[in-house]
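In: Would you be able to build a 3D model of this:
(one chain, ligands or ions: 2)
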Amino acid sequence: MYDLILYNIGQLILPVFKDRPLKGKEMKELPLKANAAMGIIEGKVAWLGSSAEAESFKASVRIDIKGKVVSPGLVDPHTHLVFAGSREHELSLKQAGIPYLEILAQGGGILSTVSATKNASEEELLEKASFHLERMISFGVTTLEAKSGYGLDADTELKQLRVIQLLKENYPVSIVPTFLGAHAVPPEWKGKEALFLEEMSALFDEIRENRLADFVDIFCETGVFTIEQSREYLQIAKDKGFGLKVHADEIDPLGGAELAVSLGAASADHLVAASNEGIKRLAKNSTVAVLLPGTTFYLGKDQFARARKMIDEGAAVALATDFNPGSCVTENLQMIMSLAALKLKMSAEEIWNSVTINAAHAIGKAKEAGTLDIGRSADFVIWDVPNYQYIPYHFGVNHAQSVFHAGKNLWERIDYRGIQLSPAR
Ligand SMILES: N=CN[C@@H](CCC(=O)O)C(=O)O
Ligand SMILES: [Zn+2]
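Out: Numbers count the residues shown, from 1 in each chain. Ligands and ions are numbered 1, 2, ... in the order given. Sure, this is the predicted structure:
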């Protein structure tokens, strides 16, 4: 007796799980089951087969998918979910051509969100993050990463990490916390970056003991932290048992990709300016290149990350929203899938692998998330589309019909109910 049977699935998307991310040509393989059915017991996938076979099975609930698409729950491996305030005033600065790093250097950008976040209570941060998280879920996300990084002092960083813990307790989705205390240099620490990093690394033990973060990340960029500062900081984190992530080569080609690979980081993120050498090293290793085309789009740039070169040379690529209040203000991972098709020239198969299994590898969750198989958590999305290629193709809207985590329905689209017009007079 199944708790739930889905039948008449037009295309069931089943990305391949390996003990490392899919690389290069492997990313073109996207196994699909046609006329499929899936049985769920106690929140786990208990059976996968054909719709015809499922007809005789007993189940508490049966859902007719009507030939549409079912995929694993999407995985968003790079978000800055917890912050206060918003920065719409920066739009006109951007339109006036003031670069992102210049706004930051003038004390705006990340630093203006830092002031707002310092002044917000834990409850206020939780309420705002919950709002954004619910939106992410509505777009089909059931596993995500969430970073701190808008505190840049012990109290506020820990406050953000505690809010991520509360989100984990409040929502039946999987959230992977990352400590990004090294997100910017606070004005009072300008010129004393190494000392500031010591201050942040002094928090590692407390964070580890209280299981407040799985990963440590750093913004390695011109005017923020150098390669050498980043290497030293991340090495300490690694020695303490954290997984590593790097905001790498977003704007200038500093060698962040090379750094991430040399430290065995789980991911190098952004990579818009990654060098040929950096791409070569990614291709030879399993550090996932987490690409954020929404950020390039939102910053109004023409030069996108060289995803084609990365994949063609054999690297593992994942995609994320980078949801944050300054450089990419969207919770919509489906929109990122469209940008990946249009701006990164990725195929639909590569895109799906990038928001499922490879995204899960980038945050250490590939054994639990990113594909569907017997014994795995039943995290899946029912999509109101005729085929998997349709989602990147029809952009800017929400194609999710129902979102499930561990067999539980988290979100359901409300259909158009019609408007009662008063009779014409
Ligand atoms: N580049 C650094 N950090 C974020 C942006 C954060 C912000 O602007 O508030 C990013 O990944 O894009
Ligand atoms: Zn980021």
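
In: Residues of the protein that sit close to ligand 1?
Out: 80, 109-110, 113, 219, 247, 250, 295, 322, 324-327 (CB under 6 Å from any ligand atom). (C-beta placed from N, C-alpha, C; glycine too.)

In: May I see those arranged in CSV, with pLDDT, secondary structure and neighbour count as well?
Out: Formatted as CSV, those follow (pLDDT from 0 to 100; DSSP: H, G, I helix; E, B strand; the rest coil; neighbours: other CB atoms under 10 Å):
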residue, pLDDT, secondary structure, neighbour count
His80, 98, coil, 26
Gly109, 94, coil, 21
Ile110, 94, helix, 26
Thr113, 97, helix, 23
Phe219, 98, strand, 23
His247, 98, strand, 29
Glu250, 97, coil, 27
Thr295, 98, helix, 29
Asp322, 98, coil, 29
Asn324, 98, coil, 25
Pro325, 97, coil, 22
Gly326, 96, coil, 23
Ser327, 95, coil, 22
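
In: mind listing the helices for the stretch 51-200 of the chain?
Out: Taking DSSP state H, counting those that start in this stretch as the criterion, the stretch 51-200 of the chain contains helices spanning 51-54, 90-95, 100-105, 110-119, 122-138, 154-170, 193-201.

In: Pipe these into CSV and attach distance to Ile40 per row.
Out: Compiled in CSV, the helices of the stretch 51-200 of the chain are given as follows (distance: least, CB to CB, whole Å):
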stretch, distance to Ile40
helix 51-54, 12
helix 90-95, 45
helix 100-105, 45
helix 110-119, 39
helix 122-138, 19
helix 154-170, 23
helix 193-201, 43
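
In: Can you show me the strands along the stretch 301-425 of the chain?
Out: Using DSSP state E, counting those that start in this stretch, the strands of the stretch 301-425 of the chain run over 317-319, 380-383, 400-405, 408-412.

In: Pick the most deeply packed of the ones you listed.
Out: Mean neighbours per residue, mean count of other CB atoms under 10 Å, is largest over these for strand 317-319, with a mean of 31.

In: quick one: that one to chain centroid distance?
Out: Centre-to-centre, strand 317-319 and its host chain are 9 Å apart (CA atoms, centre = their mean, to the nearest Å).

In: Please apply the same query to stretch 126-145.
Out: That offset, for stretch 126-145, works out to 11 Å (CA atoms, centre = their mean).

In: Averaged pLDDT, it. What do you get?
Out: Stretch 126-145 carries an average pLDDT of 98.

In: Output that stretch in PDB with nothing but the alpha carbons.
Out: C-alpha atoms of stretch 126-145 as PDB (Å, rounded to 0.1, in the frame of the first residue of the first chain):
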ATOM      1  CA  LEU A 126      13.400  35.400  10.200                       C
ATOM      2  CA  GLU A 127      10.200  36.900   9.000                       C
ATOM      3  CA  LYS A 128      11.900  38.400   5.900                       C
ATOM      4  CA  ALA A 129      13.900  35.300   5.100                       C
ATOM      5  CA  SER A 130      10.800  33.200   5.500                       C
ATOM      6  CA  PHE A 131       9.000  35.300   2.900                       C
ATOM      7  CA  HIS A 132      11.900  34.900   0.400                       C
ATOM      8  CA  LEU A 133      12.200  31.200   1.200                       C
ATOM      9  CA  GLU A 134       8.600  30.500   0.500                       C
ATOM     10  CA  ARG A 135       9.000  32.200  -2.900                       C
ATOM     11  CA  MET A 136      11.900  29.900  -3.700                       C
ATOM     12  CA  ILE A 137       9.900  26.900  -2.800                       C
ATOM     13  CA  SER A 138       7.100  28.100  -5.000                       C
ATOM     14  CA  PHE A 139       9.500  28.100  -7.900                       C
ATOM     15  CA  GLY A 140      10.300  24.400  -7.300                       C
ATOM     16  CA  VAL A 141      13.300  24.600  -4.900                       C
ATOM     17  CA  THR A 142      13.400  21.900  -2.100                       C
ATOM     18  CA  THR A 143      17.100  22.100  -1.300                       C
ATOM     19  CA  LEU A 144      19.200  25.200  -1.000                       C
ATOM     20  CA  GLU A 145      22.300  26.800   0.400                       C
END
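
In: quick one, phi psi at Thr371?
Out: phi -160, psi 180 (degrees, to the nearest 10).

In: hang on, it packs against Leu12?
Out: No. Taking contacts as CB atoms under 8 Å, Thr371 lies outside contact range of Leu12: 10.8 Å.

In: From the centroid of the chain, which residue is nearest?
Out: Note on the chain: the residue nearest the mean C-alpha position is Asp76, at 2.2 Å, using CA atoms, centre = their mean.

In: Which residues are in contact with it?
Out: Going by CB atoms under 8 Å, 6 or more residues apart in numbering, Asp76 touches 136, 141, 143-145, 320-321, 323, 333, 355, 359.

In: cool, Val317 as well?
Out: 27, 288-291, 307, 310-311, 346, 350, 354, 358.

In: Is it bridged to anything, and to what?
Out: Ala289 (DSSP bridges).

In: what's the spacing between it and ligand 1?
Out: 17 Å (CB to the nearest ligand atom, to the nearest Å).

In: shaky segments in this structure?
Out: By pLDDT under 70, the low-scoring segments of the chain are 419-421, 423-425.

In: Okay, the one residue in it that gets nearest to ligand 1 and Ala305: tell me how far apart.
Out: At 2.7 Å from ligand 1, Gly326 is the closest residue in the chain, using CB to the nearest ligand atom. For Gly326, the distance to Ala305 equals 19 Å [CB to CB, to the nearest Å].

In: For the nearest residue to Glu350 once chain neighbours are set aside, the count of nearby residues, please.
Out: Excluding its sequence neighbours, the residue lying closest to Glu350 (CB to CB, 6 or more residues apart in numbering) is Met27, at 4.5 Å. Residues lying near Met27 (other CB atoms under 10 Å) number 28.

In: And Gly97, by the same measure?
Out: Applying other CB under 10 Å, we find 8 other residues in the vicinity of Gly97.

In: do the same with Pro392
Out: So Pro392, with other CB under 10 Å, has 22 neighbours.

In: ditto for Gly107
Out: Gly107: 13 surrounding residues under other CB under 10 Å.

In: How about Ala406?
Out: Ala406 is flanked by 17 other residues according to other CB under 10 Å.

In: Within the sheet, what are the partner strands of the longest strand along the chain, with directions?
Out: The single longest strand within the chain, with elements called by DSSP state E, is strand 2-13. According to DSSP bridges, strand 2-13 forms sheet pairs with strand 32-41 (antiparallel), strand 59-64 (parallel), strand 69-72 (parallel).
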